[in-house]
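[1] here is the input, now give the coordinates:
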Amino acid sequence: MDDQPSPKRRRTPVKTYEAITATDALSEERLIAQAIANSRKDVVRDTKAIESIPFGPTFYPTVEDFSGDPLIYIEKIRCIAERYGICKIVPPEGWNPPFALNIDCPERFSTKDQSIHRLQEGISFGDGDEYTVKEYQKMASEWSKEWRNSHYIVPGDEGKKSPSPPPSAAAELDQNNYTGMNGNMPVPSSGGVVAAADATTTTADNAKINPMGNVSSNPNNTAPTTETEFKPKTIMTPECLERDYWEIVEGQCHEIDVDYGNDVDTSDFGSGFPISKRGRSVNSPNFQTMVNDDDNKNNTNTADDESIPEPDFGTEEYYKETYWNLNNIPNSKNSVLRHVKVGINGINVPWLYFGCMFSTFCWHNEDNYMYSINYHHRGAPKQWYGVPGTKYDSDGVERVFKNYLSMKLRDVPDLIHHITTSFSPRILKQEGVSVCKLLQNAGEFIVTFPRAFHGGYNLGPNCGEAVNFALHDWIPHAVDANERYRTFARPSVFSHDRLVYTMAHHTKDLRTKEICNALSLELRRLMGEELLLRSKLIKSGVRDVSKDVELPANRLDQLDEDSADYDDKRLCHSCKHICFFSAVACECSESKVSCLRHSHYMCRCSIKRKYILIWTPEDEMRKTIERVEKRGNELEYSLKPEAGISSGSVVQRHGPLEDASSAAKDRMFHQTFEVPVDPICLLESDIPQMVSSDTSVCSSAGVVEQTDTATSMPTEGANAAETAQPRVSICDSEFIVMQS
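    As a prediction, this is how the structure comes out:
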């Protein structure tokens, strides 16, 4: 067998609408007009509203749950979690996967330059600097330390007393017991490196902005003598940084630009998880491209061979083969994406994310409205916000975009798909949209549900990884996504029609009658539209050449590289839909085709010059539907739901969200945890001297043990809330955290 990994398909960049050319003066007028209109909508900005956002659910699976398929567990919790749109999963005690990322890799990855103070404007991100892993960690750590040192208590300074506030400032301090956002703080330069902020402002009288945010006529920066120059300090907690972040985004009190290392290709830089030896990952050298469809009797796939026992929880082999490994989860036997045998970045091949303080993943839902799962490998927490995937709430997010960025949407109608805009959850809640939040620590998973909008930001240097998957209940959401993409002429990452039709040829994977009914319903919808439009076009004069032209048959056992390449050649000229069942072509072009809906947009030629190409005849479609419905009838009375699995789709209803049952613990942690500022790996400048007075050397591995808890980081692969005072050991340039 070939030792090379399976070919990986590069994602085609989404073609977006071109902005209408306008003069700078007109653009400026539009921005001013939009700002005035938004100011009328958002008259009062309640800074406490963010704190009142309810916390989403957190689940604590057992070792038994983690020894099985994660999709089985996600189905079990779906009835609770889907109501919030997102949820957090904390692995059981003993979960400690190795960090497989090569932190010494000399290759550089690209970043996006994010202007945090302009995230509500819908502007595109520019290109940031390029970094190696260690270079990015150095930059991110320095930026976090600069912010902390200017606004919060620095470890080691806890015993030092801050200057006492004047009596007249007491009331203000009670309301805002953290460092003022308008102080003389350092800000990162466009490259992400921190630069000191200018000590003066551009106001008419050259006044200086003092730490309490008021303008003072003290340009010489003398010692604080008035209440407006007092600066209180606390430790830097997630709650404090949440206030800081939204003050920058909404209040635009400072201009902050950061570099975000998002969508880093794991095929080039490696995954944080080890690679499967059983071929369960697209990146595995022995990835199995054969699947057991209904007609294939010569199955060679050993990835799911039940005769081979699963490795024990916590073993080295377990972390390679478990489907909780993000390289493997898209190919779980319960995942629809297991039929996609070509690697697609971010879909069934994970993406890496390198974050620094305030770097942002803006509001979006997943491609084709799929599920997603994000694992936090190391570093400072991530702050998440989620919106339920109900039609009401999803439309509500889009309504906020239209209300606050109406002028921008005239030029960029598909702005929401650009993932460059971040509105405060306060605004969403104010507009009637349900919203919740979660804090993700190192070693924890976040799962997002179909169509659920989500977004957030990083609290410091960290490294995460994310990938998509899809359960069978995803079918109705896929239909909605497919129709939406056709409206915006946005290409899909894979053919919806092909995937649904491929699922229908794997009836053994359909476990419930409800799934069969949903699949049958979609197949009948597709067939009904196909037959109706075929009939209309032929009656109008379009020639049917299916009997004269022999077309290559659609492959129905899986979606592989050849199939995907062929699909790319039959994109509708108008709506970019992949013409899987049939297409209309014209004698005027050898490459241009159209779906049956938009044949009249293809060209101005006479109808007599156009002809229809049919890959899937009517009788084949009917037989496929009969096969699915037969499977559903077999399950009607014989179905015995597996332990913990909810059969059928969850009925989603819009309604206000309240704190989940786990919220008390999460909220307390949000208010008290000190956010780490150290890089996720040792940098050359951080390697301590081996002095006998404060270090101990392990001769066998060259291990240096530190006892400085002030610079310790959350446990790798463990819940940060559970590891308050770890000891840090350094071995082979990697952190290994041991409980005190």
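[2] where exactly do the helices run in the stretch 551-700 of the chain?
    Applying DSSP state H, counting those that start in this stretch to the stretch 551-700 of the chain gives helices spanning 561-568, 618-638, 663-672.
[3] Three-state assignment for residue 531, please.
    helix (DSSP: H, G, I helix; E, B strand; the rest coil).
[4] what residues are up against it?
    Going by CB atoms under 8 Å, 6 or more residues apart in numbering, residue 531 touches residue 618. The way it works is simple: take the backbone N, C-alpha and C, and place the C-beta from them, glycine included.
[5] any idea how far it is from residue 525?
    Look at residue 531 and residue 525: by CB to CB, to the nearest Å, they are 11 Å apart.
[6] not counting residues beside it along the chain, what's closest to residue 563?
    Excluding the flanking residues, the one nearest residue 563 by CB to CB, 6 or more residues apart in numbering is residue 555, at 5.0 Å.
[7] doesn't residue 564 make contact with the one you found?
    No. Using CB atoms under 8 Å, residue 555 makes no contact with residue 564, being 10.3 Å away.
[8] so those two - more neighbours on which side?
    residue 564 (20 against 14; other CB atoms under 10 Å).
[9] that older thread, for residue 283, find the nearest of the helices of the stretch 551-700 of the chain.
    Residue 283 lies closest, by CB to CB, to one member of the helices of the stretch 551-700 of the chain: helix 561-568, at 14.5 Å.
[10] follow-up on the earlier one: so the residue nearest to residue 563 versus residue 580, what's the distance?
    From residue 555 to residue 580 the distance is 11 Å (CB to CB).
[11] to residue 379, which of the helices of the stretch 551-700 of the chain lies closest?
    If we rank those by CB to CB, the stretch that ends up nearest is helix 663-672, at 16.3 Å.
[12] OK, contacts around the nearest residue to residue 110 once chain neighbours are set aside?
    Among residues not flanking residue 110 along the chain, residue 130 sits closest, at 5.6 Å (CB to CB, 6+ apart). If you count contacts by CB under 8 Å, 6+ apart, residue 130 has them with 108-111.
[13] and if you look at residue 428?
    Per CB under 8 Å, 6+ apart, neighbours of residue 428: 387, 396-397, 400, 435.
[14] give me the neighbour count for the closest residue to residue 540 other than its chain neighbours.
    Distances taken as CB to CB, 6+ apart place residue 607 nearest to residue 540, at 6.0 Å, with adjacent residues excluded. Neighbours of residue 607 under the rule other CB under 10 Å: 13.
[15] pretty sure residue 607 contacts residue 538?
    No. Assessed by CB under 8 Å, residue 607 is found out of contact with residue 538, at 10.7 Å.
[16] where do the helices sit along the stretch 301-450 of the chain?
    316-321, 391-404, 406-411, 425-430.
[17] winner for burial among those helices?
    Of all the helices of the stretch 301-450 of the chain, helix 425-430 carries the top mean neighbour count, a mean of 20, counting by mean count of other CB atoms under 10 Å.
[18] ok so, going back, are any of the contacts of residue 130 buried, and if so which?
    109, 111 (16 or more other CB atoms under 10 Å).
[19] next step: the contacts of residue 130 restricted to helices.
    Using DSSP state H, the subset of these located in helices is empty.
[20] out of the contacts of residue 130, which one sits closest to residue 364?
    residue 111 (18.3 Å).
[21] show the pLDDT at the closest one.
    On the pLDDT scale, residue 111 is placed at 97.
[22] quick one: the residue lying closest to it once chain neighbours are set aside from residue 624, how far?
    Distances taken as CB to CB, 6+ apart place residue 128 nearest to residue 111, at 3.5 Å, with adjacent residues excluded. Applying CB to CB, the value for residue 128 to residue 624 is 48 Å.
[23] with residue 436 instead?
    In terms of CB to CB, residue 436 sits 40 Å off from residue 624.
[24] between those two, who's got more neighbours?
    Set residue 436 next to residue 624 and count neighbours by other CB under 10 Å: residue 436 wins out with 27 against 21.
[25] what's opposite the more buried one in the beta bridge?
    residue 386 (DSSP bridges).
[26] and the residue of the chain most remote from its centre, what does it touch?
    Of all residues in the chain, residue 608 sits farthest from the chain's C-alpha centroid, using CA atoms, centre = their mean; the distance is 48.2 Å. Residue 608 is in contact with 541, 543, counting by CB under 8 Å, 6+ apart.
[27] quick one: low-confidence ranges for the stretch 1-150 of the chain?
    Within the stretch 1-150 of the chain, the ranges that satisfy pLDDT under 70 run 1-45, 47.
[28] can you give me the strands in it?
    8-9, 58-59, 86-89, 112-115, 126-127 (DSSP state E, counting those that start in this stretch).
[29] nearest to residue 247, of the ones you listed?
    It is, among the strands of the stretch 1-150 of the chain and with distance given as CB to CB, strand 112-115, at 15.1 Å.
[30] quickly run through the sheet partners of the closest one, with directions.
    In the sheet, strand 112-115 lines up with strand 126-127 (antiparallel), strand 257-265 (antiparallel) (DSSP bridges).
[31] most tightly surrounded among those strands?
    strand 257-265 (a mean of 23).
[32] so residue 485 lies in a helix, does it not?
    Yes. The assignment for residue 485 is a helix, going by three-state DSSP.
[33] hang on, it packs against residue 572?
    No. Here residue 485 does not reach residue 572: they are 10.9 Å apart, not a contact under CB under 8 Å.
[34] quick one: buried residues of stretch 526-546?
    In stretch 526-546, counting by 16+ other CB under 10 Å, buried: 526-527, 530, 533-534, 537, 542-543, 546.
[35] gap between that stretch and the chain center?
    On the basis of CA atoms, centre = their mean, to the nearest Å, stretch 526-546 is displaced by 40 Å from the centre of the chain it belongs to.
[36] got the contact list for the residue nearest to residue 529 when sequence neighbours are not counted?
    Closest residue to residue 529 apart from its sequence neighbours, by CB to CB, 6+ apart: residue 596 at 7.7 Å. Counting by CB under 8 Å, 6+ apart, residue 596 makes contact with 529-530, 533-534, 537, 582-584, 612.
[37] would TSV of the residues you listed with pLDDT and distance to residue 418 be doable?
    Output for the contacts of residue 596, formatted as TSV (pLDDT from 0 to 100; distance: CB to CB, whole Å):
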residue	pLDDT	distance to residue 418
529	97	30
530	96	33
533	97	32
534	97	36
537	96	35
582	96	32
583	96	29
584	97	31
612	96	35
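[38] list just the nearest of the residues you listed to residue 76.
    residue 529 (35.7 Å).
[39] that older thread, how much space separates the residue nearest to residue 540 from residue 585?
    With CB to CB as the criterion, residue 607 and residue 585 are 13 Å apart.
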